[in-house]
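Q: requesting a structural model of the entry that follows:
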Amino acid sequence: MKPRGGVALLLVLVIATSASAKMSRDAALQALGQGDPEARRQAVTALGAMGTFDDVPKLAAALRDSDPLVRRLTERALWEVWSRSGDRDIDRLFAVGVEQMNDQQGAAAVQTFSEIIRRKPEFAEGWNKRATVYYVLGEYAKSLADCDEVMKRNPYHFGALSGYGMIYMELNEPARALTYFERALAVNPNLESVAEAVQMLRRLLIQQRRDAV
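A: Below is the predicted model of the structure:
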């Protein structure tokens with residue numbers, strides 16, 4: 001059953017991607033409000049490929065779409081939009097930084113994302129990726145500071161909000177971690193691991209209050 005479901009999902013994704021290639025950005029934005037879920041799937045896929053940062057609020061609203069696949073495609077589309085700076089040279093450098101991250105070259109990745117930030121400080125995802133590297137390196141204060149910069153530029157960034165929560169978990173501050181995980185879910189209610197963390201932290205805090213009595 002699971003293999004068949006996986007194949008079916010992959011087929012839907014391929015169809016949506018193929019059909020969305022024929023959509024203009026304006027048509028995709030209009031299709032987000034259509035009743036046909038297939039049209040909405042094609043729309044968010046198209047916006048992932050060609051959308052701009054101005055489209056983020058409408059895409060964020062689609063994270064609450066009634067169709068599960070639309071929600072999944074929307075999350076992916078938001079990451080795609082966030083990862084485009086509008087400058088080809090910066091985007092090439094960004095790709096290098098991501099590769100360094102994936103290869104666990106932390107120091108090199110920090111240097112790359114720092115250069116991106118120096119050259120294009122308004123590009124929120126440059127800050128977010130450096131925050132991620134700092135988190136992996138255990139540089140939590142630096143990671144928190146970069147998350148602050150992300151949120152100044154992109155208040156919809158559920159990844160950075162989740163990042164705060166992960167850092168405060170490491171710092172043994174469960175109440176603050178819970179606050180940020182809840183904020184992440186308020187933007188994107190589809191984050192299953194974050195929802196699980198919220199339930200765990202709520203139970204933990206209740207138990208801590210009981211133990212303190």
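
Q: what's the domain layout of this protein?
A: Domain ranges of the chain: 12-82, 84-142, 156-213, per automatic domain parsing.

Q: mean neighbour count, distance to Val150 and mean pLDDT added to these, as a markdown table?
A: Just so you know, the C-beta spots here come from the backbone N, C-alpha and C atoms, and that holds for glycine as well. As requested, the domains of the chain are exported to a markdown table (neighbours: other CB atoms under 10 Å; distance: least, CB to CB, whole Å; pLDDT from 0 to 100):
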| stretch | mean neighbour count | distance to Val150 | mean pLDDT |
| --- | --- | --- | --- |
| domain 12-82 | 18 | 10 | 89 |
| domain 84-142 | 18 | 5 | 97 |
| domain 156-213 | 16 | 4 | 96 |
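
Q: could you dump those domains into CSV with distance to Glu149 added?
A: Below are the domains of the chain laid out as CSV (distance: least, CB to CB, whole Å):
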stretch, distance to Glu149
domain 12-82, 14
domain 84-142, 4
domain 156-213, 9
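
Q: so where does the most centrally placed residue in the chain fall, helix or strand?
A: Compute the mean C-alpha point of the chain, and by CA atoms, centre = their mean the closest residue is Gly159, 4.2 Å away. Per DSSP states H and E, Gly159 falls inside helix 158-170.

Q: which residues are in contact with the biggest helix by length in the chain?
A: What stands out as the longest helix in the chain, according to DSSP state H, is helix 192-212. Helix 192-212 is contacted from outside by Ser162, Gly165, Met169, Pro174, Ala175, Ala177, Leu178, Phe181, Glu182, Ala184, Leu185, Pro189, using CB atoms under 8 Å, 6 or more residues apart in numbering.

Q: before we move on, the earlier item: what sits up against the helix holding Gly159?
A: 79, 128, 131-132, 135, 140, 143-144, 147, 150-151, 154, 174, 176-181, 183-185, 187-188, 191, 194, 197.

Q: now stretch 79-95
A: 47-49, 51-53, 55-56, 59, 112, 115-116, 119-120, 123-126, 128-129, 154, 157, 159.

Q: quote the end-to-end distance of it.
A: Chord length of stretch 79-95, first to last residue, is 14 Å (CA to CA, to the nearest Å).

Q: so how far is it from its chain's centroid?
A: In this view, stretch 79-95 has its centroid 15 Å away from the chain centroid, taken as CA atoms, centre = their mean, to the nearest Å.

Q: same check on stretch 64-72?
A: With CA atoms, centre = their mean as the basis, the mean position of stretch 64-72 lies at 15 Å from the chain mean.

Q: next one: stretch 72-90
A: The answer for stretch 72-90 is 10 Å, by CA atoms, centre = their mean.

Q: end-to-end on that stretch?
A: Stretch 72-90: ends 27 Å apart by CA to CA.
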